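Trainee: sequence and predicted structure below; questions after.
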Amino acid sequence: MSQERRYSFEFFPTKTDAGHEKLLATARQLASYNPDFFSCTYGAGGSTRDRTLNTVLQLENEVKVPAAPHLSCVGDSKDDLRSLLTQYKAAGIQRIVALRGDLPSGMGMASGELRYANELVEFIRQESGEHFHIEVAAYPEMHPQARNFEDDLNNFVRKAKAGANSAITQYFFNADSYFYFVERVQQMGVDIPVVPGIMPITNYSKLARFSDACGAEIPRWIRKQLEAYGDDVKSIQQFGEEVITRMCEQLLQGGAPGLHFYTLNQAEPSLAIWSNLKLPR
Ligand code: FAD
């Protein structure tokens with residue numbers, strides 16, 4: 001992990017014009033910190049196909065920060081994926097976050113032709129050669145549907161061997177899980193950068209719901225403290241900022257190759273951590 005550190009911010013495409021304007025305002029604010037790239041999520045099954053495409057093109061061309069679309073394979077046909085890859089390539093996009101995705105409940109079982117992210121990575125390489133820098137997802141606390149941790153590690157290695165250039169982790173609140181994951185995949189011969197995904201803490205009930213669904217563990221001492229604050233949003237944010245800043249310090253001191261912030265389209269929570277860490281502007 002000797003390469004220069006990289007910093008990035010993630011957005012989700014919004015449904016309303018007002019939400020989209022807010023996203024762009026947030027992106028402009030974050031752009032002044034010179035991140036390496038922005039990324040924009042994709043609704044598995046294609047539910048945000050046009051919105052992700054348009055958002056990425058605006059981030060790249062108007063906000064002028066390299067933008068990486070997320071692309072997921074469940075529920076999308078190879079033709080759908082090929083068409084998006086062609087459009088991204090033509091627009092000068094150089095990075096893609098390649099995922100399996102989770103179909104929203106109610107959309108039934110996966111109907112795409114590619115079942116797992118390693119197959120999507122292979123497909124992108126077949127279609128576009130080395131044009132794209134491919135990011136994949138990593139799960140230091142194990143993907144919630146994996147049979148066990150070892151199986152999940154093997155599946156991660158499969159994605160790297162299929163041609164992924166680097167990885168972004170699911171968020172976590174325990175730096176040891178990250179270091180252990182990285183050590184294990186390195187022992188398995190994979191040395192692509194694995195960048196920690198950082199979730200600022202701003203709202204306890206939403207965080208608890210989301211963490212249950214994606215398999216991120218909120219340590220007891222953090223959960224209890226957040227619960228104790230009740231509706232005291234200011235204290236939740238102050239405590240959250242302190243906890244996440246400390247974890248980021250540990251991660252960077254321990255050799256993490258950068259940080260990827262899940263912004264939820266808000267600038268301030270990520271920037272507070274950025275400034276506590278005295279990251280370069
Ligand atoms: P995979 O790597 O395919 O793994 C999925 C599960 O299958 C794991 O349990 C794994 O162990 C197992 N597995 C993998 N390969 C095989 C194989 N060949 N055979 C058998 N089992 C296998 N979701 C979205 O819908 N849109 C987004 O934009 C989005 N962005 C994300 C960004 C990041 C950084 C992260 C960490 C997650 C994101 N997600 C997104 C969520 C992600 O789609 C889900 O976590 C999904 O359930 C798994 O996606 P994956 O790419 O990790 O899948």
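Mentor: Nice, I can see it. The shown structure was predicted, so the numbers you read here are calculated from the model rather than taken from an experiment. Numbering: from 1, shown residues only.

Trainee: C-alpha only now, for contacts and for neighbours.
Mentor: Will do.

Trainee: Ile236 sits in which helix or strand?
Mentor: Element membership for Ile236 (DSSP states H and E) is helix 233-253.

Trainee: list the buried residues in that helix.
Mentor: 235-237, 239-245, 247-248, 251 (16 or more other CA atoms under 10 Å).

Trainee: take those residues and lay them out in TSV including pLDDT and distance to the ligand.
Mentor: Converted to TSV, the buried residues of helix 233-253 look like this (pLDDT from 0 to 100; distance: CA to the nearest ligand atom, whole Å):
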residue	pLDDT	distance to the ligand
Ser235	97	28
Ile236	97	24
Gln237	96	23
Phe239	98	24
Gly240	98	20
Glu241	98	21
Glu242	98	23
Val243	98	21
Ile244	98	17
Thr245	98	19
Met247	98	18
Cys248	98	17
Leu251	98	17
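
Trainee: off-centre distance for the least confident helix or strand in the chain by mean pLDDT?
Mentor: When the helices and strands of the chain are scored by mean pLDDT, DSSP states H and E, helix 204-214 comes last with a mean of 94. Centroid separation between helix 204-214 and its chain, computed with CA atoms, centre = their mean, to the nearest Å, is 16 Å.

Trainee: could I get the buried residue list for that helix?
Mentor: 204, 207, 211, 214.

Trainee: considering only the residues you listed, which also neighbour the ligand?
Mentor: Among the buried residues of helix 204-214, no residue is within reach of the ligand (CA under 6 Å from any ligand atom).

Trainee: re earlier: of the buried residues of helix 233-253, closest to Phe181?
Mentor: Using CA to CA, Leu251 comes nearest to Phe181 of the buried residues of helix 233-253, at 12.6 Å.

Trainee: ok so, going back, just put the buried residues of helix 233-253 in CSV and tack on distance to Glu127.
Mentor: Putting the buried residues of helix 233-253 into CSV (distance: CA to CA, whole Å) gives the following:
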residue, distance to Glu127
Ser235, 50
Ile236, 46
Gln237, 44
Phe239, 46
Gly240, 43
Glu241, 42
Glu242, 44
Val243, 43
Ile244, 39
Thr245, 40
Met247, 39
Cys248, 37
Leu251, 36
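
Trainee: near the ligand, which residues of the stretch 51-200 of the chain?
Mentor: The stretch 51-200 of the chain comes close to the ligand at residues 70, 99-102, 116-117, 137-138, 143, 145-146, 151-152, 155, 168-170, as judged by CA under 6 Å from any ligand atom.

Trainee: emit the PyMOL select command for whichever of the residues you listed are buried.
Mentor: To isolate the buried members of those in PyMOL, using 16+ other CA under 10 Å:
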select buried, resi 70+99+100+101+102+116+117+137+138+143+152+155+168+169+170
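
Trainee: could you list which of the residues of the stretch 51-200 of the chain next to the ligand belong to helices?
Mentor: 117, 151-152, 155 (DSSP state H).

Trainee: okay, these in a markdown table with pLDDT next?
Mentor: Formatted as a markdown table, those follow (pLDDT from 0 to 100):
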| residue | pLDDT |
| --- | --- |
| Ala117 | 98 |
| Asp151 | 98 |
| Asp152 | 98 |
| Asn155 | 98 |
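
Trainee: okay, these in JSON lines with distance to Asp231 next?
Mentor: Converted to JSON lines, those look like this (distance: CA to CA, whole Å):
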{"residue": "Ala117", "distance to Asp231": "39"}
{"residue": "Asp151", "distance to Asp231": "40"}
{"residue": "Asp152", "distance to Asp231": "37"}
{"residue": "Asn155", "distance to Asp231": "41"}
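
Trainee: mind listing the strands for the protein?
Mentor: Per DSSP state E, the chain carries strands over the ranges 6-11, 37-40, 67-72, 95-99, 133-138, 166-169, 194-195, 197-198, 258-262.

Trainee: contacts for the second one?
Mentor: What that stands for is strand 37-40. Here strand 37-40 makes contact (CA atoms under 8 Å, 6 or more residues apart in numbering) with 7-13, 52, 55-56, 59, 65-70, 97.

Trainee: my guess is Cys214 contacts Pro144, does it?
Mentor: Yes: the pair Cys214 / Pro144 is scored as a contact, 6.5 Å apart, by CA atoms under 8 Å.
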